[in-house]
Each structure stands twice: as structure tokens, then as C-alpha cells.
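K.L.:
Sharing a model prediction with you, sequence too.
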Amino acid sequence: MASARLKFRRGFKTEAASLAHEVRLELELRPRDPLDPLALAAHLAIPLVPLTAMRDVAPEAVKHFCGVETSVFSAVTVFAGVERRIIYNDRHAPTRQASTIVHELSHALLLHPPHAALDAGTGCRVWHDEIENEANYLAGVLLVTDVAAVHIVRTGMATEDAARTYGVSRQMITYRINVSGARTRASRLH
Amino acid sequence: MTDKLGTFDGQAFYEALDATRLARRMNWKQVAEASGVSASTLTRMAQGKRPDVDSLAALIAWSGLKADEYVRTDARQRTKAEPLAVISTYLRSDKHLSPASAAALDQIIRAAYTQLRNRD
């Protein structure tokens, strides 16, 4: 889970909050409503393809990620021209799938430029800290808004109950309560 | 119901917008800000969905493109670009991949890319 102390480019958190607010309004969601990742994908017209559906066209790869190395691959958005689809690991826990899918959709909403997944020379994965951290942060705000985080704290909702309500992991709830400053904000409301 | 006289070629329009963006050395985020069109609208357009009329007007105002040049009155086959040697992605995986996992990932990406290219 991304650290609360990550540094983002100036103005990013405000941009993310505004973007999440705009998109959730488009989905007709109130700030405390849970977000359905499938509904967001449909809204952005980005197809979601389960990894196991690729078993005819990539049999060894599906066998590898479903058998040998089950946790290393979460999702990939593949572009042909400007059009894209997301292949996600449907063998992961539903809460992990939810945050994975919203993370990928966050890249789309942030209009991040795509890049090669693997370095052609080394075969190692190409990693861009900044865009990964931005997508992580926006995904969190989309799934559990600041208002929702404050509500969880104010009502004393148990972490498990909050996780179930929002379809996310308990770690995500804890992370969102921390980064949103929900405890401080909730205490100011009394 | 009679067939429409013309249809809007959204994909060609989006590609022209992309070329305009590149010529002006802008990223898509800057295009969204300059035109006032939402990120979700631009994403949907990239996926082949048509924008609403106001978003279209805003993008035309920003780009200077002429909308009537993207009205098609005949059924035209779009030519496909050559397959890419390096495929563009966003990737969510462990930072450090074993050679076997990297090879498996490469297979997934190429298969998905082929499916996307051959979709029409």
C-alpha cells in the first residue's frame, strides 16, 4: 500500500480530488456511496478481460500466473493505437481485483502516457514511480472518498464492515483514513 | 427508418486531435484543461465512443479542426497500422519480475494487442 508520506507534484492531490468528484458525479454517486469498478469501466468504455479468458490465446502465460507465480501479475492495460483494454487477474481476491481495476482506470482518467511494459534490452519491467503513485492515490479517492473516510471514523464503523461496504481490503480502509486525515477532520466536527 | 446521410468518423477525429496535440507539444491532460473537456470524455473518445455535442464543439474550438471533414457519406474501410514491435501499456505487477514471469507477461500483452487489432 502506498505510503502516506509520498510526495506528489504540486497540485496533484487537489486535481485527484476534483477528478474523483467529477467522475463520481457522472456515475450519479454520492460521496459516501461505494464505487462499482465494473460501472466505472463501462462508463469509460474500457473493456475488462479476465486473465483466465486468455487461456486459448496465451495458454502458457495463463498457466504461469494461475499456477506458478500467482501474485506477481495484477493487471495490464494494452493499447492498440489509442484504443485499450484491461486484462486483470481474476484469480485474485475480489477486493484486490477491485482496487487493481480502479488503479488501471485511474491511469486512464489521469491521461497518463502509456509505455512499454518490459525493457527491450534487459527484459525487466519498466517502472515509473510517479505515475504509479498517482494512479494508486486516485484509485483510493475514487473507492473511498474523504467524506466516506470521515464518516467511517465518526460513526466508529469497524474496519471489516467498512471494507465490506466499499468492496475493498481492510488495508485500503486504513490507508484512506490515514491519508485523508479523517481522524483530525472527524474530531473537528464535534 | 431510412439510413442516415452521413456519420461522424470519431476515430479519425480523435487521431487528428492527437496529431494536433503532438504538434503543439502538449499532453492529454493539457488538452483537457485547455479545451474544458473532461478526462472521462477524452478516454471514451479514445475507445471509439462519440463525444456529446458540447464537448465536440469545445475540441473543435481548441484544435481548429473542421468537423465537416470527419463526416463520412460512404462506407470506407479503415486501413490498419502496421503491428508495433513495442506495445504500449500500463502495467500493474510486482516491480521485479522473474524471467519466466516477464516472458508470460509478454505473451499476454502480445495476445491482447493482436485481439484488439483484429477486433473489427
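P.N.:
Perfect, I can see it now.
K.L.:
Pull the number of nearby residues for the closest residue to residue A:66 other than its chain neighbours.
P.N.:
By the measure of CB to CB, 6 or more residues apart in numbering or on different chains, the closest residue to residue A:66 outside its immediate chain neighbours is residue A:91, 5.4 Å from it. Placement of C-beta: from N, CA and C, glycine included. Neighbourhood size, residue A:91 [other CB atoms under 10 Å in any protein chain shown]: 17.
K.L.:
Equivalent analysis for the one 4 residues further on, please.
P.N.:
Residues near residue A:95, counting by other CB under 10 Å, number 18.
K.L.:
now swap in residue A:16 and tell me
P.N.:
Counted with other CB under 10 Å, residue A:16 comes out at 22.
K.L.:
ok, now residue B:30?
P.N.:
Using other CB under 10 Å, residue B:30 has 13 other residues around it.
K.L.:
Cross-check the contact I'm expecting between residue A:77 and residue A:104.
P.N.:
Yes. Using CB atoms under 8 Å, residue A:77 makes contact with residue A:104 at a distance of 5.1 Å.
K.L.:
which residues do those two both contact?
P.N.:
In the contact map built from CB atoms under 8 Å, 6 or more residues apart in numbering or on different chains, the residues linked to both residue A:77 and residue A:104 are A:86, B:90.
K.L.:
And the residue nearest to residue A:66, how far from residue A:73?
P.N.:
Using CB to CB, to the nearest Å, one obtains 10 Å as the distance from residue A:91 to residue A:73.
K.L.:
Can you work out which residues contact both of the two?
P.N.:
Any residue near both residue A:91 and residue A:73 by CB under 8 Å, 6+ apart counts here, and that gives A:51, A:65.
K.L.:
hang on, the earlier thing: wait, what's in contact with the residue nearest to residue A:66?
P.N.:
With CB under 8 Å, 6+ apart as the criterion, the residues that contact residue A:91 are A:51-52, A:65-66, A:70.
K.L.:
Please convert the buried members of those residues into ChimeraX selection syntax.
P.N.:
Restricted to buried positions by 16 or more other CB atoms under 10 Å in any protein chain shown, the ChimeraX selection for the contacts of residue A:91 reads:
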select /A:51,65,66
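K.L.:
now, which of the contacts of residue A:91 sits nearest residue A:112?
P.N.:
residue A:51 (22.2 Å; CB to CB).
K.L.:
Check what pLDDT the closest one gets.
P.N.:
pLDDT, residue A:51: 97.
K.L.:
and the nearest residue to it once chain neighbours are set aside, how many neighbours does it have?
P.N.:
Excluding its sequence neighbours, the residue lying closest to residue A:51 (CB to CB, 6+ apart) is residue A:89, at 4.9 Å. Residue A:89 is flanked by 23 other residues according to other CB under 10 Å.
K.L.:
Over to the one 4 residues further on?
P.N.:
Other residues within reach of residue A:93, judged by other CB under 10 Å, total 9.
K.L.:
show me where chain A has strands.
P.N.:
Remark: strands assigned in chain A by DSSP state E are A:48-50, A:73-80, A:83-88, A:115-116.
K.L.:
what number of residues lie near residue 61?
P.N.:
Because you didn't say which chain, this covers chain A. Using other CB under 10 Å, residue A:61 has 25 neighbouring residues.
K.L.:
You answered for a different chain; I wanted chain B.
P.N.:
Counted by other CB under 10 Å, the residues lying close to residue B:61 total 12.
K.L.:
which secondary structure element contains it?
P.N.:
Of the helices and strands defined by DSSP states H and E, residue B:61 is found in helix B:53-63.
K.L.:
Equivalent analysis for residue B:12, please.
P.N.:
Element membership of residue B:12 [criterion: DSSP H and E] is helix B:10-23.
K.L.:
Can you name the residues in contact with that helix?
P.N.:
Residues contacting helix B:10-23 (CB under 8 Å, 6+ apart): A:81-82, B:27-28, B:30-31, B:45-46, B:48-51, B:59, B:63-65, B:67, B:70, B:78.
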